[in-house]
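Enquirer: Kindly return the folded structure for what I paste below:
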Amino acid sequence: MTGVLERRAEGSAGPTPPVTMAGALNAALADSLAADDRVVVFGEDVGVLGGVFRVTDGLARRFGENRVFDTPLAESAIVGTAIGMAMNGLVPVVEMQFDAFAYPAFEQVVSHLAKMRNRTRGSVQLPIVIRIPYGGGIGGVEHHSDSSEAYYTATPGLRVVTPGTPADAYRLLRQAISCPDPVVFLEPKRRYWAKETTSLSVDGPGIDRAVIRRSGRDVTLITYGGTVATALDTAEAAGGEGWDVEVVDLRSLAPFDDATVTESVRRTGRAVVVHEAPSFGGYGAEVVARLTEQCFHHLEAPILRVAGFDIPYPPPKLEQHHLPSVDRILDAIARLQWDDRPEVGRA
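Expert: Take a look at the predicted model:
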């Protein structure tokens, strides 16, 4: 990871060697700290240790303890301090160590962070990024594998984004830190070690845009974060069943990119929404509602969801049954009334 920082600091051009998502996030933080003296990074163990997942490794050593520093174990105080710092001209990037650890800070996020700009009629902006490792797939125990995105997307005044690839991790985090709005930046922790050979660049889709990861004509898989890779694996497997599957990575959960997603669904006529969080009241329900309203006359079948079960996150030995899998998504695709269009679907 330090090597990535050194190459970025030297301004080297062209594709880097394979970089992990954690390494891409580290480079994004380093480049943002170097580009803007107002940026500060802080949270539990992010300084000397470099974070639980080593995303901030080497940053305190490079930029000093006034720019990258540790805090007490008090999430509400971390976010409250960030709000005060932003009101006085700084650009805080704070880390919540795990998804469920962020809940003590929720009152600060909902009552103050999300509302300050509206409360002051735009005169006070809070350019704060809250980094939250979220989701399962790492064998974590209780409080270490929550998918809490619906809490934040249901809060007006917040941007909520989540990367599905290392390149997007770098791009989205740089864009989030440059954004004048508060951003909840959800990092799919099971993808921290996913590698990609790519150029780390801010060029590309904007912070509020979805992207098509794989083109297809028969059905659209709509997903984000940790399940992007699962959806792409499903699309490959579906080819053997005669289905040509398109994969849309939402990237931005709030605001929602209606244009990109509805264009895809209107073209394919079928859709499945995939996410790790429980299905009932989950983020996928909002996606289904929006698409049903906007694409109803183009749909060949009801839009289905493949999600986590409606239970607290299970023990590590059972999480492979809880998380959406290729088989579960293929089963949903098979239920999309293919008899109505015999020219597509199973060969």
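Enquirer: where exactly do the helices run in the stretch 51-200 of the chain?
Expert: Taking DSSP state H, counting those that start in this stretch, the helices of the stretch 51-200 of the chain run over residues 59-63, 75-87, 106-108, 116-119, 149-153, 166-178.
Enquirer: Identify, out of these, the most deeply packed stretch.
Expert: Of all the helices of the stretch 51-200 of the chain, helix 166-178 has the most neighbours on average by mean count of other Cβ atoms under 10 Å, namely a mean of 25. Heads up, the C-betas are built off the backbone N, CA and C, glycines and all.
Enquirer: tell me the average confidence for that helix?
Expert: Per-residue pLDDT over helix 166-178 has a mean of 97.
Enquirer: Check which helices and strands that helix is in contact with.
Expert: Counting contacts by 3 or more Cβ pairs under 8 Å, 6 or more residues apart in numbering; DSSP states H and E, helix 166-178 packs against helix 21-35, strand 129-134, strand 159-161, strand 183-188, strand 195-196.
Enquirer: Distance to Arg214 added to these, as CSV?
Expert: Below are the helices and strands packed on helix 166-178 laid out as CSV (distance: least, Cβ to Cβ, whole Å):
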stretch, distance to Arg214
helix 21-35, 19
strand 129-134, 24
strand 159-161, 21
strand 183-188, 18
strand 195-196, 15
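Enquirer: I'd like a version of these in CSV, one that adds mean neighbour count, distance to Gly242 and mean pLDDT as further columns.
Expert: Formatted as CSV, the entries for these read as follows, by neighbours: other Cβ atoms under 10 Å; distance: least, Cβ to Cβ, whole Å; pLDDT from 0 to 100:
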stretch, mean neighbour count, distance to Gly242, mean pLDDT
helix 21-35, 24, 33, 98
strand 129-134, 27, 35, 98
strand 159-161, 24, 35, 98
strand 183-188, 26, 30, 98
strand 195-196, 16, 30, 92
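Enquirer: do you know which of those lies nearest Ala229?
Expert: With respect to Ala229, and counting by Cβ to Cβ, the nearest of these is strand 183-188 at 9.1 Å.
Enquirer: Can you list the strands that the closest one pairs with?
Expert: Here strand 183-188 is paired, per DSSP bridges, with strand 129-134 (parallel), strand 159-161 (parallel).
Enquirer: got the CA positions of stretch 42-62 in CSV?
Expert: Output of stretch 42-62 as CSV, limited to C-alpha atoms (Å, rounded to 0.1, in the frame of the first residue of the first chain):
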residue,chain,number,x,y,z
PHE,A,42,-9.4,11.2,11.9
GLY,A,43,-11.1,8.3,13.7
GLU,A,44,-10.5,5.4,16.0
ASP,A,45,-7.0,3.9,15.3
VAL,A,46,-6.6,5.6,11.9
GLY,A,47,-3.3,7.3,12.9
VAL,A,48,-0.5,5.2,14.2
LEU,A,49,-2.1,1.8,13.4
GLY,A,50,-3.4,2.9,10.0
GLY,A,51,-7.0,1.7,10.7
VAL,A,52,-8.4,-1.8,11.3
PHE,A,53,-8.2,-2.5,7.6
ARG,A,54,-5.0,-0.5,7.1
VAL,A,55,-6.8,2.0,4.7
THR,A,56,-5.0,4.9,6.4
ASP,A,57,-1.7,3.1,6.6
GLY,A,58,1.3,5.6,6.4
LEU,A,59,-0.9,8.8,6.2
ALA,A,60,0.0,10.0,9.7
ARG,A,61,3.6,9.4,9.1
ARG,A,62,3.5,11.4,5.8
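Enquirer: Need the strands paired with strand 183-188 in TSV (columns: distance to Leu186).
Expert: Shown next, in TSV, are those (distance: least, Cβ to Cβ, whole Å):
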stretch	distance to Leu186
strand 129-134	5
strand 159-161	7
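Enquirer: re earlier: would you mind saying which of the helices of the stretch 51-200 of the chain lies nearest Gly281?
Expert: Ranking these by distance to Gly281, with Cβ to Cβ as the measure, places helix 149-153 first at 6.7 Å.
Enquirer: Show residues contacting stretch 93-100.
Expert: Residues from elsewhere that reach stretch 93-100 (Cβ atoms under 8 Å, 6 or more residues apart in numbering): 29, 32, 39-46, 51-52, 55-56, 75, 78-79, 82, 102, 105, 128-135, 140, 142-148, 177.
Enquirer: what's the residue nearest to Gly157 when sequence neighbours are not counted in contact with, if anything?
Expert: If the residues on either side of it in the chain are set aside, Gly157 comes closest to Ala114, at 3.4 Å by Cβ to Cβ, 6 or more residues apart in numbering. Residues counted as contacts of Ala114 (Cβ under 8 Å, 6+ apart) are 155-158, 182.
Enquirer: quick one: the strands in this structure?
Expert: Residue ranges of the strands in the chain, as given by DSSP state E, are 19-20, 39-43, 68-70, 91-95, 129-134, 159-161, 183-188, 195-196, 211-214, 219-223, 245-249, 252-254, 271-278, 304-308.
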